[in-house]
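Engineer: Model the following, please.
(chains A and B)
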Amino acid sequence: MLPPAEFVHWMFATGFLLLGLCLLARAVVGDEVWRRRAWRAYFWPSLLFLMGLLMWPVMVFFTNSTVHMLAHGSWAQVMMLAGAAELGLVRGKLHNRYWRLTMPLAFIVSGAAILIHEQNGWFFARSAFLHHVIGWTMVVCAIFPLAAVFRPRSTVFRTGFALTFVVLGVMLYCDRDVAPVFGHLSSQVGPPHR
Amino acid sequence: MNTQLVSERVAVRGRSARAWTIAALGPATMLGGVVWAFLQPYRVTLLHPHGQGFWWLVIEPPLLVVLAGIAFAFLVAPGVIDDLEAEDGR
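Structural biologist: As a prediction, the model looks like this:
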């Protein structure tokens, strides 16, 4: 009854899309308005923490190799760490703004893990292409949460941060089983499934 | 004209634009899902459900996008807009 891997990608894509929409709204209205209702202040860090938590069953049930297990495990850890740090800051348990560095750390670690665990070239198949694109997107877009640590009120950095999650969601939705990318599909993959 | 009134009017217009942006996020997401369903109807398994398994019938990406838009539009956006307008009214 386990879902095929692409369904897991699509479920996480929905989580990222919702996360991106919330962060975009927060960037538009600012922290003061966004935190006027307590549940809203906790919502997006909790969602991030939950998605990190859900990466553990992904690690357990979708482990094709050691490198897959390490990649999924590292995503789980850094997503939970970033979500928990943000929850601590919102709750007032943590005070130092440098706890927010856990977010660019999560981006860098996740991006590196997704690049390292993809063993095939860019045009091997659509999933390989998306792994490369997602990995580099995360590494490059780490600049947004990193800059936001030092310029927390910057609309540009906050919007860029939010849109990164929306773009990640779109890319995860594009993931398919065995499908060509721009007309390319390696003969080693086998026939396209759907 | 009193410059204070002019600056207040500009500020109110700016805040309204923010409220409109929040209100538009959910419907824009829903619209994105609907457009996607028209562009790639084969990804909406409900349109051809015979012989499809559980996951293919439950997890359909364009519908998930619409659902995310609905969740944001009805659960998150109204409260944000209320708070934004309350803030503007101060």
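
Engineer: going forward, measure contacts between C-alpha atoms and count neighbours the same way
Structural biologist: Fine.

Engineer: wait, A:Ala142 sits on A:Val109?
Structural biologist: No. Shown here, A:Ala142 and A:Val109 do not form a contact pair, counting by C-alpha atoms under 8 Å, at 9.9 Å.

Engineer: Any chance of the backbone angles for A:Val181?
Structural biologist: In terms of degrees, to the nearest 10, the main-chain angles of A:Val181 are phi -130, psi 120.

Engineer: Now it: closest residue in space, sequence neighbours ignored.
Structural biologist: Setting aside the residues directly before and after it, A:Val181 is nearest to A:Arg126 in space (C-alpha to C-alpha, 6 or more residues apart in numbering or on different chains), at 4.7 Å.

Engineer: for B:Leu64, same thing?
Structural biologist: Take B:Leu64 and drop its neighbours on the chain: the residue closest to it by C-alpha to C-alpha, 6+ apart is A:Thr14, 6.4 Å away.

Engineer: what's the helix or strand for that neighbour?
Structural biologist: helix A:5-29 (DSSP states H and E).

Engineer: And whichever helix or strand comes after that helix, what's buried?
Structural biologist: Proceeding N to C from helix A:5-29, the next assigned helix or strand is helix A:31-34, under DSSP H and E. Buried positions in helix A:31-34, judged by neighbour count with 16 or more other C-alpha atoms under 10 Å in any protein chain shown: A:33-34.

Engineer: And for stretch A:148-162?
Structural biologist: Along stretch A:148-162, the positions that meet the burial threshold by neighbour count (16+ other C-alpha under 10 Å) are A:148-149, A:155, A:157-162.

Engineer: quick one: which of those residues is nearest A:Glu6?
Structural biologist: For A:Glu6, the nearest member of these is A:Ala162. The distance, counting by C-alpha to C-alpha, is 23.5 Å.

Engineer: mind listing what the closest one touches?
Structural biologist: A:Ala162 makes contact with A:19-24, A:27, according to C-alpha atoms under 8 Å, 6 or more residues apart in numbering or on different chains.

Engineer: Among those, show me the least confident.
Structural biologist: Lowest model confidence among the contacts of A:Ala162 falls on A:Leu19, which carries 90.

Engineer: What sits closest to that residue if chain neighbours are left out?
Structural biologist: With C-alpha to C-alpha, 6+ apart as the criterion, A:Leu19 has its nearest non-adjacent residue at 6.1 Å, and that residue is A:Trp44.

Engineer: Contact residues of chain B facing chain A?
Structural biologist: Residues of chain B found near chain A, taking C-alpha under 8 Å from any C-alpha of the partner chain as the criterion, are B:18, B:21-22, B:25, B:55, B:59, B:61, B:64-65, B:68-69, B:72, B:76, B:80, B:83-84, B:87.

Engineer: what's the neighbour count on B:Phe74?
Structural biologist: 12 (other C-alpha atoms under 10 Å in any protein chain shown).

Engineer: my read is it is in a strand, agree?
Structural biologist: No. Going by DSSP: H, G, I helix; E, B strand; the rest coil, the assignment for B:Phe74 is helix, not a strand.

Engineer: What's the separation between it and B:Met30?
Structural biologist: Counting by C-alpha to C-alpha, to the nearest Å, the gap between B:Phe74 and B:Met30 amounts to 12 Å.

Engineer: Could you list the low-pLDDT ranges of the chain?
Structural biologist: This is for chain A. Scanning chain A for pLDDT under 70 picks out A:177-178, A:183-185, A:187-194.

Engineer: should've been chain B
Structural biologist: Applying pLDDT under 70 to chain B flags residues B:1-15, B:90.
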